[in-house]
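Peer 1: This is a predicted model, with the sequence first.
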Amino acid sequence: MENVPVLIVGAGPAGLATATCLTHLSIPYVIVERQDCNASLWRNRAYDRLKPHLAKEFCELPHMSYPAYAPTYIPKAMFVKYLDDYTTRFNIQPKYLTYVESSTYDNGKKCWSIVARDMAEGTTINFIAKFLVVASGENSAENIPVIPGLDSFPGEAIHSSRYKSGKSFFGKSVLVIGSGNSGMEIAYDLATHGANTLIVIRSPIHVMTKEVIRLGMTLAHHLPLNLVDSFLVMAAKFIFGYLSRHGITMPKMGPMLLKTKTGRSAVIDVGTVGLIKKASSKLKEALVRS
Ligand SMILES: NC(=O)C1=CN([C@@H]2O[C@H](COP(=O)(O)OP(=O)(O)OC[C@H]3O[C@@H](n4cnc5c(N)ncnc54)[C@H](OP(=O)(O)O)[C@@H]3O)[C@@H](O)[C@H]2O)C=CC1
Ligand SMILES: O=C(O)C(=O)Cc1c[nH]c2ccccc12
């Protein structure tokens, strides 16, 4: 049985940031991680061309800025290196290969009982903690919708977390299901690597550029979100035109409010929208001619 004031589950950016803040407050903690490394999603389950969409001032962790020479938009490898440097600098020592199986809160004793599995040793570890920080990843679990017939589909079907690059899809026909930032960027990567690409967009989305979002996030420090949203929507219409002509409709709520209230993100265009517009215009021309 290990007694700790705080148990942190997950050694991704959120878990590492929490650990550092606790160190600065001189609060002891234990951090556990089921993988054998920190930042495993970024390291092992992200596609090659991924960069955080947010400018560096919005995706740095507490107590350590990026060096001045770092680019405004940090490439994946630099982000992973930053997380490694952060882990070393603040002497964060995650217990790797440690999988939390259950946690229960004892209302009488006002503490958490946590059962974890040491996957290397095959043993059980019991923790008692006053606070439990769940930093196990908003997007760590794959979500593949139930699609009748998928089991017998003769082609390859993968989740976005296993996608690396469009290189291996040259000349193939690929359907991307999902038009969040992953789906839209993967569709662009596939198309620009010569795959015959289709994407399903089932719900309204905001399409923005990373520069507009950066400005919006800066303005949000000083102005109410609905005002910032009006500006963002206007800027997007100016940049992309009326996308409903091409099958992309906009949610009623603005992008900043939507993010705050529901967690749903705007799509930050990496070039996909230009390709969709081109393809949809060609299709319309062909229909007019026929
Ligand atoms: N460069 C970056 O910084 C990147 C950041 N991200 C962020 O990571 C988070 C996760 O992004 P992402 O992986 O895109 O996941 P999201 O949850 O944001 O998007 C999932 C998409 O899949 C659609 N979908 C789900 N089920 C179905 C279905 N059965 N049929 C059709 N469409 C379906 C959803 O549609 P619906 O809305 O209708 O449910 C939605 O468009 C987000 O916050 C995103 O912004 C992601 C990639 C890159
Ligand atoms: O959520 C993400 O990961 C994004 O890609 C973009 C994003 C972060 N903060 C925002 C606020 C408003 C709109 C989009 C974003």
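Peer 2: Sure thing, it's come through. Ligands and ions are numbered 1, 2, ... in the order given.
Peer 1: got the buried residues for stretch 91-104?
Peer 2: Buried residues in stretch 91-104, defined by neighbour count with 16 or more other C-beta atoms under 10 Å: 92, 94-98, 100, 103. From N, CA and C alone the C-beta is placed, and that goes for glycine too.
Peer 1: do the same with stretch 241-253
Peer 2: By neighbour count, with 16+ other C-beta under 10 Å as the criterion, the buried positions of stretch 241-253 are 243, 246, 248, 250-251, 253.
Peer 1: go on, stretch 217-228?
Peer 2: By 16+ other C-beta under 10 Å, the buried positions in stretch 217-228 come out as 217, 219-220, 225, 228.
Peer 1: and the two most separated of the residues you listed?
Peer 2: Checked with C-beta to C-beta, the buried residues of stretch 217-228 reach their widest spread between Met217 and Leu225, with 10.7 Å between them.
Peer 1: which helix in this protein runs the most residues?
Peer 2: helix 272-289 (DSSP state H).
Peer 1: What are the contacting residues of that one?
Peer 2: 184-185, 187-188, 191, 199, 207, 240-241, 243, 245-248 (C-beta atoms under 8 Å, 6 or more residues apart in numbering).
Peer 1: Turn those into JSON lines, columns for distance to Ala17 and secondary structure.
Peer 2: Supplementary listing: the contacts of helix 272-289 in JSON lines, determined by distance: C-beta to C-beta, whole Å; DSSP: H, G, I helix; E, B strand; the rest coil:
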{"residue": "Met184", "distance to Ala17": "27", "secondary structure": "helix"}
{"residue": "Glu185", "distance to Ala17": "25", "secondary structure": "helix"}
{"residue": "Ala187", "distance to Ala17": "31", "secondary structure": "helix"}
{"residue": "Tyr188", "distance to Ala17": "30", "secondary structure": "helix"}
{"residue": "Ala191", "distance to Ala17": "36", "secondary structure": "helix"}
{"residue": "Ile199", "distance to Ala17": "33", "secondary structure": "strand"}
{"residue": "Val207", "distance to Ala17": "30", "secondary structure": "strand"}
{"residue": "Phe240", "distance to Ala17": "34", "secondary structure": "helix"}
{"residue": "Gly241", "distance to Ala17": "39", "secondary structure": "coil"}
{"residue": "Leu243", "distance to Ala17": "36", "secondary structure": "helix"}
{"residue": "Arg245", "distance to Ala17": "42", "secondary structure": "helix"}
{"residue": "His246", "distance to Ala17": "39", "secondary structure": "helix"}
{"residue": "Gly247", "distance to Ala17": "39", "secondary structure": "coil"}
{"residue": "Ile248", "distance to Ala17": "34", "secondary structure": "coil"}
